[in-house]
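S.K.: Predicted structure and sequence below. I'll ask about it afterward.
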Amino acid sequence: MRRVSELYENWGRNAKVLVLTEPLWSIPMSWVFFYRPVFMRSLGITEVEIGLMMTLYSILQIFLPLFGGYLADRFGRKRVLMLFDVVGWTGAMSLWIVARELWHMMLAIVFEALITVIYSVWECMLIEDTAPEYRASIFSTINLIYVIGGLLTPLAGLILTMYGVEAGCRILFTIALASLCIMFTVRQIFLRETEIGNLIIKERSDLSGFRGYRRAIEIVFKTKVIFLIFICTVLGGFYYTVLSTYNALYLTDSRGLGLSGGLASVVPASSSIVSILLLTIVLPRIRREESLLKILVFGYTLAVLSVITLIMAPSGCLILAIIAGILGGFYTFIYPTIRTILVNRIDLVDEKAKAKILSLTTTSSALVNWLTPTLAGYAYMINPKIPFLASAVILITNAVIAFMIKTLKKTS
């Protein structure tokens, strides 16, 4: 506890506010993301139509994050964060509560896509006023909060069991909207503009406009570690899309594992237990980049084993599904390590370029993966295992890249 207290004391003000309020988003939204595909299917939406909706999201995600980097440098991180966070999430959740037709859901996805404007802005607010050696602990805590939401997924499963899929999911959407409104109020009161944000606003340098993206692109391509991390992030978008869109469907589909909605929720819960142990015991002790790179390779490797186990599990086999969930829990290493390495490396080159480089990672991932949901939807219709086989290949590629970064670090 003393170590946790020490880490918390060394975080910046905004990091403390964002971390303490994040459960108001992560817990209800983890339920929403897990059961939303099941909700859509209950209303007669096909796997391909679900994929098309996610493709729409990916298309909007190609260019919207670029506005985030520009707007944040011009008008300030806090102002842009609060505007798009409030409009995007309240609009999306309100629509999901009443959604019955495909176009209702498409419109909700458009509102949800507005939040991609602030992906990089949120990360800047999270870490900019905190020393580099304490940033891994911030990302680890954020990830811990996310997985706690996964651990509580059986509560959402219980709601669906009691009220049915459609009514139960509408209850989940309502809970999420109420929780988000509380979060927005607290953040508006306690968040402050970052020091770097204020500096960029006052300077009005080339980096504060769209021309700053030219400098950001130069940094990405000329810095080997940043470039390789950039590639890992882009490829990781494929795995995340497949997992978030089709994992719940595969677990409950008769052509997949054929589990009930209640039993399916045990799988993400098993991942969450492992993730909590890793994030509370292992990652808080890691500060050196070399150790972070070792963990990155290890996380990708076990994630591959997780996907393979899921694919090989026979229908109705809850035990192997749980084993896959446990192995998948090690993927929790990826987010805090890869983001810490990336933002710290950017700061070594030019900390003022951070918002734009982070925006580029989101845009590039969306550009490469914009067809992924639709193609995965068609592949799922042919054979539900195909999207997960492709995910395994992506994870193997990222494990190799992470090993290359580790080797590059040793030789440099």
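M.R.: Good, I have the coordinates.
S.K.: ok, residue 121 - contacts?
M.R.: Counting by CB atoms under 8 Å, 6 or more residues apart in numbering, residue 121 touches 68-69, 71-72, 77, 80-81, 355. For every residue, glycine as well, the C-beta is placed using N, CA and C.
S.K.: cool, residue 154 as well?
M.R.: Residue 154 neighbours (CB under 8 Å, 6+ apart): 262, 265-266, 269.
S.K.: run the last query once more with 7 Å
M.R.: Going by CB atoms under 7 Å, 6 or more residues apart in numbering, residue 154 touches 265-266, 269.
S.K.: Of all the residues in the host helix or strand of residue 235, which ones are buried?
M.R.: Using DSSP states H and E, residue 235 falls within helix 224-252. The neighbour-count check on helix 224-252 (16 or more other CB atoms under 10 Å) flags 225-226, 228-243, 245-252 as buried.
S.K.: any chance of the contacts of residue 154 in TSV, plus neighbour count and pLDDT?
M.R.: Listed next are the contacts of residue 154 as TSV, based on neighbours: other CB atoms under 10 Å; pLDDT from 0 to 100:
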residue	neighbour count	pLDDT
265	26	75
266	18	81
269	19	78
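S.K.: Of these, which belong to helices?
M.R.: 266, 269 (DSSP state H).
S.K.: could you dump the contacts of residue 154 to a markdown table with distance to residue 50?
M.R.: Output for the contacts of residue 154, formatted as a markdown table (distance: CB to CB, whole Å):
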| residue | distance to residue 50 |
| --- | --- |
| 265 | 19 |
| 266 | 23 |
| 269 | 23 |
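S.K.: any idea which of the contacts of residue 154 is the one closest to residue 107?
M.R.: residue 265 (28.1 Å; CB to CB).
S.K.: That closest one is in contact with residue 155, isn't it?
M.R.: No. In this structure, residue 265 is not within contact of residue 155 by CB atoms under 7 Å, at 8.5 Å.
S.K.: Going by secondary structure, residue 25 is in what exactly?
M.R.: Residue-wise, residue 25 maps onto helix 23-42 under DSSP H and E.
S.K.: about what we covered before: packing partners for the helix holding residue 235?
M.R.: helix 23-42, helix 47-75, helix 212-222, helix 261-264, helix 334-350, helix 354-369, helix 372-382, helix 386-411 (3 or more CB pairs under 7 Å, 6 or more residues apart in numbering; DSSP states H and E).
S.K.: Just the CA atoms of the shortest one, as PDB, please.
M.R.: Taking C-alpha atoms only, helix 261-264 is exported to PDB below (Å, rounded to 0.1, in the frame of the first residue of the first chain):
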ATOM      1  CA  GLY A 261     -25.400 -15.400 -22.200                       C
ATOM      2  CA  GLY A 262     -24.900 -15.900 -18.500                       C
ATOM      3  CA  LEU A 263     -22.100 -18.500 -18.900                       C
ATOM      4  CA  ALA A 264     -20.400 -16.400 -21.600                       C
END
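S.K.: And the contacts of it?
M.R.: Contacts for helix 261-264 (CB under 7 Å, 6+ apart): 38, 157, 160-161, 165, 248, 251-252, 318.
S.K.: so can I have TSV of those showing distance to residue 360?
M.R.: Output for those, formatted as TSV (distance: CB to CB, whole Å):
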residue	distance to residue 360
38	34
157	38
160	39
161	43
165	39
248	31
251	34
252	36
318	42
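S.K.: With respect to residue 365, which of the residues you listed is nearest?
M.R.: Scanning the contacts of helix 261-264 for proximity to residue 365, where the rule is CB to CB, the winner is residue 248, at 21.8 Å.
S.K.: Identify the residues contacting the closest one.
M.R.: 34-35, 37-38, 264.
S.K.: cutoff 10 Å now
M.R.: Contacts for residue 248 were tallied using CB atoms under 10 Å, 6 or more residues apart in numbering; they are 33-39, 41, 153, 256, 259, 261, 264-265, 267-268.
S.K.: Any regions of this structure where pLDDT drops low?
M.R.: 1-8, 150, 203-210, 261, 409-412 (pLDDT under 70).
S.K.: ok, back up a step: if you compare the helices and strands packed on helix 224-252, which one is most tucked away?
M.R.: Comparing the helices and strands packed on helix 224-252 by mean neighbour count (mean count of other CB atoms under 10 Å), helix 354-369 ranks first with a mean of 24.
S.K.: who does that one touch, helix- and strand-wise?
M.R.: Packing contacts for helix 354-369, counted by 3 or more CB pairs under 10 Å, 6 or more residues apart in numbering; DSSP states H and E, involve helix 47-75, helix 119-127, helix 195-203, helix 212-222, helix 224-252, helix 334-350, helix 372-382.
S.K.: Which residues does the fourth one contact?
M.R.: Taking CB under 10 Å, 6+ apart as the criterion, the residues outside helix 212-222 that touch it are 66, 69-70, 73, 200, 205-207, 226-227, 229-231, 345-346, 349-350, 352-361, 363-364.
S.K.: Pull out the C-alpha coordinates of it and format them as CSV.
M.R.: Taking Å, rounded to 0.1, in the frame of the first residue of the first chain, the C-alpha atoms of helix 212-222 are listed here in CSV:
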residue,chain,number,x,y,z
GLY,A,212,2.3,20.4,-37.2
TYR,A,213,1.3,17.0,-38.6
ARG,A,214,4.2,17.2,-41.1
ARG,A,215,6.6,17.4,-38.2
ALA,A,216,4.8,14.6,-36.4
ILE,A,217,5.1,12.3,-39.4
GLU,A,218,8.8,13.1,-39.7
ILE,A,219,9.3,12.1,-36.1
VAL,A,220,7.5,8.8,-36.6
PHE,A,221,9.4,7.7,-39.7
LYS,A,222,12.8,8.9,-38.5
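S.K.: between that helix and helix 354-369, how many degrees?
M.R.: Helix 212-222 runs at 70 degrees relative to helix 354-369, counting by axes from the mean of the first three to the mean of the last three CA atoms, to 10 degrees.
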